[in-house]
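[1] What follows is a predicted protein model with its sequence.
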Amino acid sequence: MQIQKVKINNFYSFKEAEIDFSNYNGVVRITGINKDSAGSNGAGKSTIFEAITWGIFGKTIRKSTEDALVNFKYNTNCFVELELHKNGVGDIKIYRSKRPTSLTLMINGEAHTKANATETQKYIEQIIESDYKSFLAAIVFGQHSDTSFLECSPEEKRAIIRNCFNLDDLFSKRNAVKEIKSAVTAEMKVFDALQKSTQEEMLKVEKLLPGNKYKLVDLPPLDDVLEAERKISERKTKVLSANNEISKLKKDIQKLNQTISKGVYEENSECPICKSDYTTSQSDEQLKEAIQNRKDLSAALEDLNFKVQTMLQEVEDLKPKYTSSEWAKYNEKNNLIKQSEYHVNRYNELKEKNTEQQEKLKALDQKLEIMKFWEKAFSEQGMIKYLIRNILDYFNLKCNEFLSILSVGQFKISFSDELIETISNNGAETKYISLSGGEKRKVNLAIMLALQDLSSKISKIDCNLIFFDEVSDNIDDLGIEAVYNLLNTLRNQYTNKVILLITHNNHLSSLFSESQEITVVKNKGISKIYGNQATK
């Protein structure tokens, strides 16, 4: 991303100013004259990259209110207009204002302002492939980032790396994962309670079910059963009467058999009671009659036996599948089953519901395990540790490259996977706490430059500007020359970049006396820009 021009109007102490950065190259000093305080502080030097930052992101580096942001003398029409160029996108123009508040976006001369400022801001960050923190970490170094890296705990060091690499988005994902995990856990508790309630109701309804042995029985009409039983009863009564007749006939036939067996005879006998004599006889005529009677009775007996067998067969044929008592029993059970049909349907509903709840709980449990994995992955023990391990060699290399320049080869440093440092002073291991203030400043400066080098590569910004704001504080003259060498090294490494340097150190400023210069002069509360290649 190339920042080509910035136009400032009623922003902080500036009434109006415009800078075309294409007119500058290498190291450019930003100096200040504050005629209101007879010094250089407060002239408005830092406002230049404050304006750029606010123009792109709607945020300033320092914490500021709208009243402080808008020039107090004019109190209206505060705006910053930026002209950018992004490979693959083209020419970008951003106009942001206060009083009135507005944000417009033009790309290659066409309007791309969205429905509201929030959506427009999202689109700006999308096309430049950066957000506020990534931008600051990649191109601005100095007063806003004066943390002593080596005095931090391992957790704090990881937090610094997190900020330099703009890993807040990564951690926001962890927070999002935590929220999802919490929601899943809460949902699981709800479904667990629902399933317990379902199972309890299932047990109650199950007791009301008729059971498998009480299946519905297909019963014939009761009138048919009763009619069959009536006919059977009639047949059985006739069979009983016929059997009685058969018994009588058999006895009569037996008597006739006895009579016939005597043949024709005549006998004199004495009465055992009165002792008088009497005569018994059977004539041939009588014998023939007895034989005929036996024949007739035998025929009648055969006929009755046939009738009985016929009626017994009729009884068998008339027998219904169920007796009336069985019909009544099964009918009662059928009625119970029909009455319990609601319970059967309810039980089936509960059974299906229980299955669905089990599947839901299983799915939620799987989702919870996935969330646990990602929660750890997005933690400092996950991707942060992995990231540190993978960039460590390059990080150590860049730290020592910058530190060698700043300390003229005196110091070396290396970090372990846990970000525990080992410092050597002319080959002898030493502790950070034993270093002087200036030495600590050099070491930390080298580390922060290495972090910014990494973050600029990761952030995809590749901006044409780098701001250094008071990086030489607490450094002796030898160290100042080392800073000078460092900036020259950066200038040689980044030939396509403009290094904007703000410093109150006269020695460092004198070393760059031949470089281009932007001078900010403040008089009666209003700042203006002067200098070679600056406009307005």
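    Everything's here; your move.
[2] C-alpha from now on. contacts and neighbour counts both.
    OK.
[3] What segments of this protein are helices?
    Assigned helices in the chain, in chain order: 47-57, 66-69, 117-128, 132-139, 154-164, 168-206, 222-262, 284-318, 324-339, 341-377, 385-406, 437-459, 477-493, 506-511 (criterion: DSSP state H).
[4] In a markdown table, list those helices along with mean pLDDT and mean neighbour count.
    A markdown table is the format used below for the helices of the chain (pLDDT from 0 to 100; neighbours: other Cα atoms under 10 Å):
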| stretch | mean pLDDT | mean neighbour count |
| --- | --- | --- |
| helix 47-57 | 93 | 21 |
| helix 66-69 | 82 | 14 |
| helix 117-128 | 94 | 15 |
| helix 132-139 | 76 | 22 |
| helix 154-164 | 68 | 18 |
| helix 168-206 | 85 | 15 |
| helix 222-262 | 93 | 15 |
| helix 284-318 | 92 | 15 |
| helix 324-339 | 84 | 15 |
| helix 341-377 | 87 | 16 |
| helix 385-406 | 85 | 19 |
| helix 437-459 | 78 | 21 |
| helix 477-493 | 85 | 17 |
| helix 506-511 | 86 | 14 |
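[5] can I get these in CSV with distance to Asp417?
    Converted to CSV, these look like this (distance: least, Cα to Cα, whole Å):
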stretch, distance to Asp417
helix 47-57, 34
helix 66-69, 43
helix 117-128, 32
helix 132-139, 22
helix 154-164, 10
helix 168-206, 20
helix 222-262, 92
helix 284-318, 99
helix 324-339, 74
helix 341-377, 17
helix 385-406, 6
helix 437-459, 15
helix 477-493, 27
helix 506-511, 36
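[6] And these: which comes nearest Ala38?
    Nearest to Ala38, of all the helices of the chain, is helix 506-511, at 16.1 Å by Cα to Cα.
[7] Let's see that closest one as CSV, backbone CA atoms only.
    Only the C-alpha atoms of helix 506-511 are listed here, as CSV (Å, rounded to 0.1, in the frame of the first residue of the first chain):
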residue,chain,number,x,y,z
ASN,A,506,20.4,17.3,18.2
HIS,A,507,23.3,14.9,17.5
LEU,A,508,21.0,12.4,15.6
SER,A,509,19.4,15.3,13.8
SER,A,510,22.8,16.7,12.8
LEU,A,511,23.8,13.3,11.4
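[8] Setting aside sequence neighbours, what's the nearest residue to the residue nearest the centre of the chain?
    The centroid of the chain falls nearest to Ile180 when counting by Cα atoms, centre = their mean (5.1 Å). Take Ile180 and drop its neighbours on the chain: the residue closest to it by Cα to Cα, 6 or more residues apart in numbering is Met371, 7.3 Å away.
[9] What are the structural domain limits within this structure?
    1-130+460-536, 213-339 (automatic domain parsing).
[10] closest one to Ile420 among these?
    Closest to Ile420 of those, according to Cα to Cα: domain 1-130+460-536, at 24.5 Å.
[11] quick one: the closest one to chain centroid distance?
    On the basis of Cα atoms, centre = their mean, to the nearest Å, domain 1-130+460-536 sits 43 Å off its chain's mean C-alpha point.
[12] circling back to that earlier point, against Leu490, how distant is the residue nearest to Ile180?
    For Met371, the distance to Leu490 equals 44 Å [Cα to Cα, to the nearest Å].
[13] and what of Glu401?
    Distance, Glu401 to Leu490, using Cα to Cα: 11 Å.
[14] what does stretch 181-191 rub up against?
    With contacts defined as Cα atoms under 8 Å, 6 or more residues apart in numbering, stretch 181-191 is touched by Gln357, Lys360, Leu361, Leu364, Asp365, Lys367, Leu368, Met371, Lys372.
[15] want to try CSV for those residues, with distance to His343 as columns?
    Shown next, in CSV, are the contacts of stretch 181-191 (distance: Cα to Cα, whole Å):
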residue, distance to His343
Gln357, 20
Lys360, 25
Leu361, 26
Leu364, 31
Asp365, 32
Lys367, 35
Leu368, 36
Met371, 41
Lys372, 42
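[16] The residues you listed: which two are farthest apart?
    Gln357 and Lys372 (22.0 Å).
[17] thought Gln2 was touching Cys463?
    Yes: using Cα atoms under 8 Å, Gln2 and Cys463 qualify as a contacting pair, with a distance of 5.6 Å.
[18] doesn't Val177 make contact with the residue nearest to Ile180?
    Yes: counting by Cα under 8 Å, Val177 is a contact partner of Met371 at 6.0 Å.
[19] C-alpha coordinates for stretch 301-309, PDB please?
    What follows is stretch 301-309, C-alpha atoms only, in PDB (Å, rounded to 0.1, in the frame of the first residue of the first chain):
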ATOM      1  CA  LEU A 301     -82.300 -97.900  17.700                       C
ATOM      2  CA  GLU A 302     -80.200 -97.700  14.500                       C
ATOM      3  CA  ASP A 303     -82.300 -94.700  13.400                       C
ATOM      4  CA  LEU A 304     -81.800 -92.900  16.700                       C
ATOM      5  CA  ASN A 305     -78.100 -93.500  16.700                       C
ATOM      6  CA  PHE A 306     -77.800 -92.000  13.200                       C
ATOM      7  CA  LYS A 307     -79.800 -89.000  14.400                       C
ATOM      8  CA  VAL A 308     -77.500 -88.600  17.400                       C
ATOM      9  CA  GLN A 309     -74.400 -88.700  15.300                       C
END
